[in-house]
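Colleague: Sequence and predicted structure below; questions after.
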Amino acid sequence: MYGSDRIGITLQTLDPNGFDRGTILAQTPRMLQIPSRHNVTYTKLRDLVAPEAAKLLVQGLRDHVFVPPLQAIMGLQPHSLVHASKITSADRQVQWDKWASVDTDRRDRALGGLWSMVRTNLTEAKRVKFSGFEILRRPTIFHEWFDERLFDRKTKVMLPRDSDEHVQFFVFETANKEVRPAMYIEQGDSIIISNLRDCRICIKVNHITVEGQAMKPAAQAMRQFKSRDKWQLIKGPNESILVEPKANMKVHRVLTDEQ
């Protein structure tokens, strides 16, 4: 998930007060190179690590490293370590407003089953699972849509553009239950999702499973939400794009100087 190109194996005790904080009893003498780290999956990494981990465990048993008093080894220097965290369902909840496309792709390859709570209306949401990720160059229409967007000066509401027909959005809930838009376009049966964090690349999603429904092609599944009928895009701080319910405010069109 961190994009590392090397991996090591550690034999350690369990710590009752923390995850991945036990006494280090043995380690692989060298780091293993991860082949094709840009497309490696959990399964491929497991198949690489498992034989070496088995060797380390067997040697540890033969050396009786588990017999008290335990002899901790120095191991790798603390500044070179990345402590593992305990994986929970929250680690699969996509933060479309914070993760770059490569982060989302890494999480999918490492964990799978990525999901978001997507608003079906102004108050209700359904769990939506995303699968079949691909990284690709950002389509030109996103550059035009993001860079040339205009807002009503008084209300901060985004003014309609011709590209709105192609650039859609869905409204998802953050971990803090805030609502945010994720912009996407359709490409055949798939959708391509972009955000302000990625100027060059986007992430393509091929399949989506909406809570209570069977898996469908991503473009078909997203059409049921019709977010533009219920939400309007507004200008937030630092040029961010937020949403507000259409039903709760009246929009007065005020042309900007640019128009």
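Modeller: Structure received.

Colleague: quick one: which helix or strand includes the closest residue to Thr174 other than its chain neighbours?
Modeller: What sits nearest to Thr174 in space, not counting adjacent residues and going by Cβ to Cβ, 6 or more residues apart in numbering, is Arg180, at 6.0 Å. Heads up, the C-betas are built off the backbone N, CA and C, glycines and all. Using DSSP states H and E, Arg180 sits in strand 179-187.

Colleague: what helices or strands is that strand leaning on?
Modeller: Packing partners of strand 179-187 (3 or more Cβ pairs under 8 Å, 6 or more residues apart in numbering; DSSP states H and E): helix 140-147, strand 168-173, strand 190-194, helix 218-222, strand 241-245.

Colleague: Quick check: which of these is buried the most?
Modeller: Highest mean neighbour count among the helices and strands packed on strand 179-187 (mean count of other Cβ atoms under 10 Å): strand 190-194, with a mean of 23.

Colleague: Could you look up the SS state of Ala54?
Modeller: Remark: Ala54 carries the secondary structure label helix [criterion: DSSP: H, G, I helix; E, B strand; the rest coil].

Colleague: Please disregard the earlier target; I meant Ala26.
Modeller: Here Ala26 is recorded as strand under three-state DSSP.

Colleague: who's it bridged to?
Modeller: Beta-bridge pairing of Ala26, defined through DSSP bridges, involves Leu11.

Colleague: Touching, it and Glu52? I think so.
Modeller: No. With contacts counted by Cβ atoms under 8 Å, Ala26 stays clear of Glu52, the gap being 11.7 Å.

Colleague: Straight-line length of stretch 36-44, end to end?
Modeller: 10 Å (Cα to Cα, to the nearest Å).

Colleague: Pull out the buried positions in that stretch.
Modeller: Val40 (16 or more other Cβ atoms under 10 Å).

Colleague: Quick one: distance of it to the chain centre.
Modeller: Remark: stretch 36-44 is offset 16 Å from the chain centroid, using Cα atoms, centre = their mean, to the nearest Å.

Colleague: Name the residues that touch that stretch?
Modeller: 3-5, 34, 109-112 (Cβ atoms under 8 Å, 6 or more residues apart in numbering).

Colleague: can you do 10 Å?
Modeller: 1, 3-7, 34-35, 45, 47-48, 102, 105-106, 108-112, 135 (Cβ atoms under 10 Å, 6 or more residues apart in numbering).
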